[in-house]
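>>> Here is my input, please return the structure:
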Amino acid sequence: MTTPIPTHPWSSLLRTAVAAGALLALSGCASVFLVDNQVQSYARWTDRPTPSGAASAIPQAPQVFRFERLPSQQDSRTGAGQDELEKLATIALSRVGWTPAAASVTPPWTVEVSGGTLRLPRAPWESPYDGYWGGGFGPGFGFPGRDYVVTGTGQIIYAPLFLRMDTPYYKREVSLVIRHAASGRVVYETRAAHDGRWNSSNALWTAMLDAALRDFPAPPAGLRQVNIELPR
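Presented below is the predicted three-dimensional model:
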C-alpha cells in the first residue's frame, strides 16, 4: 500500500497564488502602455489679418500645408531624423484633416515640427546610493552620498563598486508651429512633453504628436494632461 505524500497546509494557497500570477502575466501581455503627456497649446488664428482688415476665423478642415525647417534641421547630420519626424507628423496632422499640399499648389499654411530627447542616467527621484546590495558581503544598506556599505554582520566596508546599476530615464518633447504662409505670422503653437524609461520608437513619437494635436484647432487654455494608450 502506498503511503500518500503529506500535503503542506500552505501548498493549496501557493498553487492558487502561482495560478493567479500566471493569469496576471498573461493578461499583462494584452494590456496597453500609457503615454502620459503634458500638453500646452496656443491658438492665434484671429491674429491673422484678412484683406478687408477683419479678424479671420478658425480654419476648418480640410486644409493643406507644407513643412518648413529651421537651419539646424536642414543640416545633413539631422536630416534623416527630421525626415522621419515629418513623416510621423504628416500622419498625425492627417487625422485632424491637414495634408501636405501638392507640388503645384501654394498652401496657405506652413508647419514646423521639432522633437528632442534628454537622456538621464536614472530617474530624477532615484539616487545611486539608495537601496540595498547583495553579493559576497551579504545584504547591506548604503549611506546616501558616501562610498560605504554596512553588511548584514554590521561591518562597514568601503565599496565604491557597489553602486546600483542604473536604468536610463528619458525626457522627450515635440512641438508643432503653424504659420500663415503669406505673412509668416504664427497662428498655432503646441507642445507635448513625456518622460519615462521607454526607448525611442515611432509609436512613442506618434503618440506624443497625437497628444500635441488634441483639441486642434481650438484647444483649451493652460497646461493639461493628455493620455494616449498604446498596445504593448
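>>> and Gly79, what are its phi and psi?
With angles defined as degrees, to the nearest 10, Gly79 sits at phi -60, psi -40.
>>> What's the local residue count around the nearest residue to it once chain neighbours are set aside?
Excluding its sequence neighbours, the residue lying closest to Gly79 (C-beta to C-beta, 6 or more residues apart in numbering) is Gln73, at 7.7 Å. Glycine gets a C-beta too; all of them are placed from N, C-alpha and C. Gln73 has 18 neighbours, counted by other C-beta atoms under 10 Å.
>>> mind checking which helix or strand of this structure has the lowest mean pLDDT?
Using mean pLDDT, DSSP states H and E, strand 140-142 stands out as the lowest-scoring helix or strand of the chain, at a mean of 34.
>>> quick one: the residue nearest to Gly79 is in a helix?
Yes - under DSSP: H, G, I helix; E, B strand; the rest coil, Gln73 sits within a helix.
>>> now it: how far from Val105?
From Gln73 over to Val105 the distance is 23 Å, taken as C-beta to C-beta, to the nearest Å.
>>> can you map out the strands along the protein?
Using DSSP state E, the strands assigned to the chain run over residues 32-43, 63-67, 98-100, 109-120, 132-133, 140-142, 148-150, 156-158, 169-180, 186-196, 224-231.
>>> Next, format these as a markdown table and append mean neighbour count.
Listed next are the strands of the chain as a markdown table, based on neighbours: other C-beta atoms under 10 Å:
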| stretch | mean neighbour count |
| --- | --- |
| strand 32-43 | 17 |
| strand 63-67 | 17 |
| strand 98-100 | 18 |
| strand 109-120 | 16 |
| strand 132-133 | 16 |
| strand 140-142 | 19 |
| strand 148-150 | 18 |
| strand 156-158 | 11 |
| strand 169-180 | 20 |
| strand 186-196 | 20 |
| strand 224-231 | 14 |
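>>> Switch those strands over to CSV, and while doing so, append distance to Thr90 to every line.
Below are those laid out as CSV (distance: least, C-beta to C-beta, whole Å):
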stretch, distance to Thr90
strand 32-43, 19
strand 63-67, 8
strand 98-100, 6
strand 109-120, 9
strand 132-133, 49
strand 140-142, 50
strand 148-150, 53
strand 156-158, 57
strand 169-180, 11
strand 186-196, 16
strand 224-231, 18
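>>> Do I have it right that Arg66 meets Pro107?
Yes - if you go by C-beta atoms under 8 Å, Arg66 and Pro107 touch, sitting 5.1 Å apart.
>>> so where's the protein uncertain?
Along the chain, segments meeting pLDDT under 70 span 1-30, 48-55, 128-165.
>>> which residues sit against stretch 32-40?
When contacts are defined by C-beta atoms under 8 Å, 6 or more residues apart in numbering, stretch 32-40 is touched by residues 190-194, 198, 204, 207-208, 211-212, 214, 222-232.
>>> Next one: Pro100 relative to Ser41, how far apart?
The gap separating Pro100 from Ser41 is 21 Å, by C-beta to C-beta.
>>> repeat for Tyr169
For Tyr169, the distance to Ser41 - C-beta to C-beta - is 26 Å.
>>> just Ala92 next, same as before
Taken as C-beta to C-beta, the span from Ala92 to Ser41 is 14 Å.
>>> okay, and the common contacts of these two?
Shared contacts of Ala92 and Ser41 (C-beta under 8 Å, 6+ apart): Ala212.
>>> wouldn't Pro217 be in contact with Ala57 here?
No - contact between Pro217 and Ala57 fails when scored by C-beta under 8 Å: they sit 10.4 Å apart.
>>> neighbour-wise, which of these two wins?
Ranked by neighbour count (other C-beta under 10 Å), Pro217 and Ala57 place Pro217 first, with 20 against 10.
>>> No further questions, thank you.
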